[in-house]
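A.B. asks: Show me the folded form of this:
(2 chains)
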Number of protein chains: 2
Amino acid sequence: MAGTAESSWQPRYARRADNMKASEIRELLKLLGKPGIISFAGGIPDPVLFPSEFAATAYSEALSAPAAASHPMQYSVSEGYAPLTGWIAQHMTDLGVPATTDNIIITSGSQQALDFLGKLLLTPDDTALVTTPTYLGALQAFSAYEPRYDTIDPGKGNRTPQSYAKTAAAAASGAQAKFAYIVPDFANPTGETLTLDERKDLLKLAREIDVPILEDSAYRALRFEGEDLPSLQALDVKDKGSLNASSVIYLGTFSKTIAPGLRVGWICASETLIERLVLVKQASDLNSPVLNQMVMHRIVEDRHIELIETARQHYRTKRDAMLAALETHMPDGVSWTKPKGGLFVWLTLPLGMNAAELLQRAIAEANVAFVPGAAFYHDGSGANTLRLSYSLPTPAVIEDGIHQLANLIK
Amino acid sequence: MAGTAESSWQPRYARRADNMKASEIRELLKLLGKPGIISFAGGIPDPVLFPSEFAATAYSEALSAPAAASHPMQYSVSEGYAPLTGWIAQHMTDLGVPATTDNIIITSGSQQALDFLGKLLLTPDDTALVTTPTYLGALQAFSAYEPRYDTIDPGKGNRTPQSYAKTAAAAASGAQAKFAYIVPDFANPTGETLTLDERKDLLKLAREIDVPILEDSAYRALRFEGEDLPSLQALDVKDKGSLNASSVIYLGTFSKTIAPGLRVGWICASETLIERLVLVKQASDLNSPVLNQMVMHRIVEDRHIELIETARQHYRTKRDAMLAALETHMPDGVSWTKPKGGLFVWLTLPLGMNAAELLQRAIAEANVAFVPGAAFYHDGSGANTLRLSYSLPTPAVIEDGIHQLANLIK
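C.D. replies: Presented below is the predicted three-dimensional model:
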């Protein structure tokens, strides 16, 4: 083996490496450092909300007088720090999903949960059902396991159960539709939320086509107005009688409500599935840092409600600023979603306009960044769509950035 | 989908799930909490060595006056915290492998590095070459990607290149031998170290059969006596002229020298390969916690040499105690390795004795735990072998535990 070129390594990669491409989001993260850039890219929480001082104290306390048998700098159990999984079990119970610690595993953010569920469930040629558009990071995680994709779009007129069965069966022998991946609340990337009826219809369809649902709940807590809707898992548990009988797998995270950098998320599901996921975790990275879990436990125990309320108010003001600016500046023919929570507005340009081309002009001429929508489509469509995040800029900067972006579209 | 049983989930799992079994090491970790147990199980560093106070200060400092643009509780880049990858690049350069930050990616311990390399390189039915015995965690990581295994045993009379080619070709069409996984220094589980000649012979064989080497260097720094030997990567870089031309992939970790709980390891390899691994990291968990990387950077910058020297002295004393106790108490017919570093002694019982059965008696009758050796063999052999770690007990407890264990063998 000689030479430095990609050509010498290329023949050695697994087949799945063909599916693992550079992400536009990753490239865009690099723009955050560009001076003066107005970034509507990235689902990046505003760091002014992070409880840095509280965390500093919690780290110090955890590291002073540590117990030798469960030292915060030692290896730890793969399922997660028991007081934290206990807190999460109670949290899920409060959300209408009676759970115990046996129903919870800690993951390194929801991204690792998506990876683990792909790893546990997907054999090449199995089908993953996703919305159009869907969360880009989920497509990246799943694609490593070489699925086919098919579309499920709650509330937008779905196909018959027979049609789904037919599509799955058309793949390789033995391949199945393995799950439907859904972000029901303030979705990434659209900001949209399923109604109660849409949730019930989705559960009905999932039962008819016999697939579990992966419910990605990353933005659920960030509701600005209206009443919380029951999670898909809560509805399913109510119907089935218990979480252990439910086929909904719930992905939770503290990344959007507390801070993403500690990398603490969780999966809540049937004990049977959690036992398997513990083996996946063990083979993948042994355990998430227990010290970070201890600190996260201290934060949520003392400040969970307060931090969520502050985050809601903070992002509501920014959402209002973005919707007002869009209303004021965008020309006819441009439409956008009106999210009731979360971090994103989804914008549709006139047909024929290309958001990737617009991004190049926006960066060069207006110093404004966003994510072109095509990356969120498993089939590469959506060229005239884009995602705007209002999480980082101030309201005044949002007004300015949208104004400049609108000028490029006119 | 109804019912709570494994039977309802079983048909939904990926084919690879058959390869992901409960680990004996994980079960044994639970024994660490049993009162009075003398544990020779687990490669668990002694927490008395962890720099807890220094870490507490480093966490506080990182969290006070954080920069908004690179907040320690924010998302971060997948390749790792630049000052830490810079430190590691210099460290590798000092070890005879001239490297830049483009040659380094941070992983959540070496376990994640093993997982990522399996993910990037192994298509089902490809062959992974491993020693007998080899590190159990590597088998767990690789097996998720459904390889076949074949044996490579440096210094123990290897087969011809033709024989390896034949074995790999006997698998499915297109399947290849993808890598050889080697722990050259104070190996887990045997404690043995490859001589310089064995290293050279291994590199020669790997070139002849055209496979990269995964060099797991977890215990390298923990040498108690003798001179450091060049790493396989340093030898290969010397032959090939540059790291970018090398086909050795080096896995480093701070878990055994500083502390495992921060979950900070790294891969050092050709830039080409690192670029691919960054995509794997991004799809798998986005990034390792940057706060932990900042703290690890502070620790190694200020205290790396001192911490390693302390750890060497600490474990040398325990190694001496274990070898002396084995010499004193073990009956004829039992043999063991004499490690010059690391955390492990590998013990071979008389043929016909079963280490798993011995473990049951040892726990019940002597309150002593170890890891039966069969778990470290890809082919399930090694029933009469076992791994002893001297890392946790004091010298007096080691003497007592080995004495009691010997009494069960007599």
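A.B. asks: So which residue is smack in the middle of chain A?
C.D. replies: residue A:218 (5.3 Å; C-alpha atoms, centre = their mean).
A.B. asks: Does that one touch residue A:189 like I think?
C.D. replies: No. Applying C-beta atoms under 8 Å, one finds residue A:218 not in contact with residue A:189, separated by 11.8 Å. (Glycine included, C-beta is placed from N, CA and C.)
A.B. asks: so what's residue A:129 up against?
C.D. replies: Contacts for residue A:129 (C-beta atoms under 8 Å, 6 or more residues apart in numbering or on different chains) come out as A:149-152, A:164, A:177, A:179-181, A:211.
A.B. asks: rerun that using 10 Å as the cut-off
C.D. replies: A:147, A:149-153, A:158, A:164, A:167-168, A:177-182, A:205-206, A:209, A:211, A:213-214, A:378 (C-beta atoms under 10 Å, 6 or more residues apart in numbering or on different chains).
A.B. asks: Could you do residue A:198 as well?
C.D. replies: Per C-beta under 10 Å, 6+ apart, neighbours of residue A:198: A:153-156, A:184, A:192, A:229.
A.B. asks: Show me the domain layout of chain A.
C.D. replies: A:16-51+A:305-409, A:70-303 (automatic domain parsing).
A.B. asks: CSV please, covering those domains and showing mean pLDDT.
C.D. replies: Listed next are the domains of chain A as CSV, based on pLDDT from 0 to 100:
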stretch, mean pLDDT
domain A:16-51+A:305-409, 92
domain A:70-303, 95
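A.B. asks: Next one: the residue nearest to the centre of chain A from chain B, what distance?
C.D. replies: As judged by C-beta to the nearest C-beta, to the nearest Å, residue A:218 and chain B stand 13 Å apart.
A.B. asks: For PyMOL, write the select line for the buried members of the contacts of residue A:198.
C.D. replies: To isolate the buried ones among the contacts of residue A:198 in PyMOL, judged by 16 or more other C-beta atoms under 10 Å in any protein chain shown, type:
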select buried, chain A and resi 153+154+184+192+229
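A.B. asks: Mind putting the contacts of residue A:198 into TSV with distance to chain B?
C.D. replies: Below are these laid out as TSV (distance: C-beta to the nearest C-beta, whole Å):
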residue	distance to chain B
A:153	22
A:154	19
A:155	23
A:156	24
A:184	19
A:192	23
A:229	23
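A.B. asks: Mind checking which of the contacts of residue A:198 are in strands?
C.D. replies: Counted as lying in strands by DSSP state E, out of the contacts of residue A:198, is not a single one.
A.B. asks: Next, count neighbours for the residue nearest to residue A:253 when sequence neighbours are not counted.
C.D. replies: In space, and not counting its chain neighbours, residue A:253 is closest to residue A:265: 3.7 Å by C-beta to C-beta, 6 or more residues apart in numbering or on different chains. Counted with other C-beta atoms under 10 Å in any protein chain shown, residues neighbouring residue A:265 total 26.
A.B. asks: Which of the contacts of residue A:198 fall within helices?
C.D. replies: Judged by DSSP state H, the subset of these located in helices is empty.
A.B. asks: Which single one of the contacts of residue A:198 is nearest to residue A:249?
C.D. replies: Closest approach between these and residue A:249, by C-beta to C-beta: residue A:184, at 13.0 Å.
A.B. asks: surely the closest one meets residue A:201?
C.D. replies: No. Residue A:184 lies out of contact with residue A:201 (C-beta atoms under 10 Å); the separation is 12.0 Å.
A.B. asks: Mind listing the shared neighbours of those two?
C.D. replies: A:154, A:194-195.
A.B. asks: which helix is the longest one in chain A?
C.D. replies: Chain A, longest helix under DSSP H: helix A:290-329.
A.B. asks: Quick check: next helix or strand after it?
C.D. replies: strand A:335-336 (DSSP states H and E).
A.B. asks: Can you list the neighbours in contact with that following strand?
C.D. replies: With C-beta under 10 Å, 6+ apart, strand A:335-336 has contacts from A:190-191, A:322-323, A:326-327, A:330, A:345-350, A:385-386, A:388.
A.B. asks: Most neighbours among those residues, please name it.
C.D. replies: Using other C-beta under 10 Å as the neighbour test, the contacts of strand A:335-336 are led by residue A:386, with 30 neighbours.
A.B. asks: How far away from the center of its chain is the host helix or strand of that one?
C.D. replies: Using DSSP H and E, residue A:386 maps to strand A:385-389. Relative to its parent chain, strand A:385-389 has a centroid offset of 15 Å by C-alpha atoms, centre = their mean, to the nearest Å.
A.B. asks: quick check, nearest of the contacts of strand A:335-336 to residue A:114?
C.D. replies: Checking the contacts of strand A:335-336 against residue A:114 by C-beta to C-beta gives residue A:190 as the nearest, at 18.0 Å.
A.B. asks: so what's that closest one closest to, chain neighbours aside?
C.D. replies: Using C-beta to C-beta, 6+ apart and skipping residues adjacent in sequence, the residue nearest residue A:190 is residue A:346, 4.1 Å away.
A.B. asks: Same check on residue A:143?
C.D. replies: Closest to residue A:143 by C-beta to C-beta, 6+ apart is residue A:19, at 4.0 Å.
A.B. asks: And the one you found, how close does it get to residue A:73?
C.D. replies: Distance, residue A:19 to residue A:73, using C-beta to C-beta, to the nearest Å: 37 Å.
A.B. asks: what about those two, which has more around it?
C.D. replies: residue A:73 (25 against 17).
A.B. asks: Now that one: which helix or strand?
C.D. replies: Applying DSSP H and E, one finds residue A:73 in no helix or strand.
A.B. asks: do the same with residue A:347
C.D. replies: Assigned by DSSP H and E, residue A:347 falls within strand A:344-348.
A.B. asks: distance between that strand and the chain's centre?
C.D. replies: On C-alpha atoms, centre = their mean, the centre of strand A:344-348 falls 16 Å from that of its chain.
A.B. asks: Which residues outside it are in contact with it?
C.D. replies: Residues outside strand A:344-348 that contact it (C-beta under 10 Å, 6+ apart): A:40, A:43, A:133, A:186-192, A:219, A:319, A:322-323, A:326, A:330, A:333-339, A:355, A:370-371, A:373, A:376, A:382, A:384-391, A:402, A:405, A:409.
A.B. asks: picking up where we left off before, check the domains of chain A for me and report the most buried one.
C.D. replies: Burial of the domains of chain A is given as mean neighbour count (mean count of other C-beta atoms under 10 Å in any protein chain shown); domain A:70-303 ranks first at a mean of 22.
A.B. asks: Just the terminal-to-terminal distance for that domain.
C.D. replies: Start to finish, the residues bounding domain A:70-303 are 25 Å apart (C-alpha to C-alpha, to the nearest Å).
A.B. asks: Now find how far off-centre it is within its chain.
C.D. replies: For domain A:70-303, the distance to the chain centre is 9 Å (C-alpha atoms, centre = their mean).
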